[in-house]
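Colleague: Have a look at this prediction, sequence included:
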Amino acid sequence: MAEIKDRLPDNTAGRYYVDRSCIDCDVCRDTAPANFTRNDENGYSFVYRQPQTADEKLLCDEALMACPVEAIGDDSASKSE
């Protein structure tokens, strides 16, 4: 499970985030390319844009469930979606 305390600083503020356990596997970027991108210099993914539509939210949830190392978190307590 992703840890909010290990949230990568590149993530945009809001509900979804990637933590430092990311292994740069491409799953999230392939699943939700409108929301996840890669930090090429450091070799990990992060949320560059929080979902704006119901479809994007579903894809972010799918990416979260598919992440092989559970590096994607959902901070449902966050007011920014």
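Modeller: Arrived safely, thanks for sending.
Colleague: Make sure S45 is indeed in a helix.
Modeller: No - read with DSSP: H, G, I helix; E, B strand; the rest coil, S45 is strand and lies in no helix.
Colleague: pretty sure it is touching R38, no?
Modeller: Yes - taking contacts as CB atoms under 8 Å, S45 lies within contact range of R38: 5.5 Å. To be clear about C-beta, it is placed using only N, CA and C from the backbone, and glycine gets the same treatment.
Colleague: Which element, helix or strand, includes L59?
Modeller: With elements taken from DSSP states H and E, the one containing L59 is helix 54-66.
Colleague: Can you name the residues in contact with that helix?
Modeller: Residues outside helix 54-66 that contact it (CB atoms under 8 Å, 6 or more residues apart in numbering): 16, 27-28, 31-32, 34-36, 47, 51, 72-74, 81.
Colleague: Between S45 and R38, which has more neighbouring residues?
Modeller: S45 (25 against 17; other CB atoms under 10 Å).
Colleague: and for S45 and R38, which residues touch both?
Modeller: 24, 29.
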